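[1] Quick one, fold the following:
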Amino acid sequence: MSTGPRSGRARSRSPLLRPSGPAPATPAAPAAHTGAELRSLLGLVAAARPTVRTVTVGHGRDPASEAAALAFAEAWQARGGEVQALVDWPDAAASWLRAARRLTTGTPDAWVVAGGPLGWAQLSRRLRHSTDWTPRRTFGFASLGDILAVELAGAETLRGMSGATPDGGTWRVGGELISYHPADPAPPRRYDDFQE
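    Model prediction:
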């Protein structure tokens, strides 16, 4: 992790998105997470190096994102992990600074997030500008593996963030692109496994 807020950046500029042109359409609320998505996300966090023990879980205020965050927190604790905090954020706020500070308090080993692309883009820009948060230690549900989040936040803001897809695959932000990796297929069944 970095040693502190990004000191080389001009503090007079706000990291918040500036409206340009017509207002974008309100994005649809995130879809409910799937069991395969949750298992894949748990696997990503458990396989991270250095080892992750403590996480802070964040979510947008829509019902699907809250349910996903709670499901991850419960499953992580059932595996013996620790959840330092559960933090929510709005899609619209004056600065997102309060949520950013709550997410980074206590220096967790990693962050797990669920939400819509617009709210996450705003919050991640504030995190990058004002805290020692790093996207490489941040894992998201499928709703955040959307190119819109990268376009809104800026490629450097989310570079290295990874997450799970609804079918149990994974995604990773690399610059201006997101790479998607399908779930491992089920092993082939042997002939004598079939029941008649």
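[2] Apart from its chain neighbours, what residue comes closest to the residue nearest the centre of the chain?
    Centroid-nearest residue in the chain, with C-alpha atoms, centre = their mean: residue 140, separated by 2.7 Å. In space, and not counting its chain neighbours, residue 140 is closest to residue 163: 3.6 Å by C-beta to C-beta, 6 or more residues apart in numbering. From N, CA and C alone the C-beta is placed, and that goes for glycine too.
[3] How is the one you found assigned, secondary-structure-wise?
    Taking DSSP: H, G, I helix; E, B strand; the rest coil as the rule, one finds residue 163 in the strand state.
[4] How far does the strand or helix carrying residue 120 sit from its chain's centre?
    Per DSSP states H and E: residue 120 is located in helix 117-130. Offset of helix 117-130 from its chain centre (C-alpha atoms, centre = their mean, to the nearest Å): 11 Å.
[5] Which residues does the helix or strand just after it contact?
    Sequence-wise, the next helix or strand downstream of helix 117-130 (DSSP H and E) is strand 138-140. Outside strand 138-140, the residues that touch it by C-beta atoms under 8 Å, 6 or more residues apart in numbering are 41, 44-45, 48, 110-114, 120, 160-164.
[6] average pLDDT for strand 138-140?
    Mean pLDDT, strand 138-140: 98.
[7] Ok, stretch 69-87 next?
    Averaged across stretch 69-87, the pLDDT comes to 98.
[8] which of the residues in stretch 103-117 are buried?
    Residues of stretch 103-117 classed as buried by neighbour count (16 or more other C-beta atoms under 10 Å): 103-104, 108-117.
[9] Output it as CSV, restricted to C-alpha atoms.
    Provided in CSV are the C-alpha atoms of stretch 103-117 (Å, rounded to 0.1, in the frame of the first residue of the first chain):
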residue,chain,number,x,y,z
LEU,A,103,-13.7,2.8,4.0
THR,A,104,-10.0,3.4,4.7
THR,A,105,-10.1,3.7,8.5
GLY,A,106,-8.1,0.9,10.2
THR,A,107,-6.1,0.0,7.0
PRO,A,108,-7.8,-3.3,6.1
ASP,A,109,-5.9,-5.8,4.0
ALA,A,110,-8.4,-5.4,1.2
TRP,A,111,-11.7,-3.8,0.2
VAL,A,112,-14.8,-5.6,-1.2
VAL,A,113,-17.4,-3.4,-2.9
ALA,A,114,-20.8,-3.6,-4.5
GLY,A,115,-22.7,-0.9,-6.2
GLY,A,116,-23.6,0.9,-9.4
PRO,A,117,-20.9,2.3,-11.7
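[10] Tell me the gap between it and the middle of its chain.
    Relative to its parent chain, stretch 103-117 has a centroid offset of 7 Å by C-alpha atoms, centre = their mean.
[11] do stretch 96-111 as well
    Put simply, stretch 96-111 sits 13 Å off its chain's centre (C-alpha atoms, centre = their mean).
[12] Show me what that stretch is in contact with.
    1, 16, 45, 48, 50-58, 84-85, 87-90, 93, 122-123, 125-127, 130-133, 137-139.
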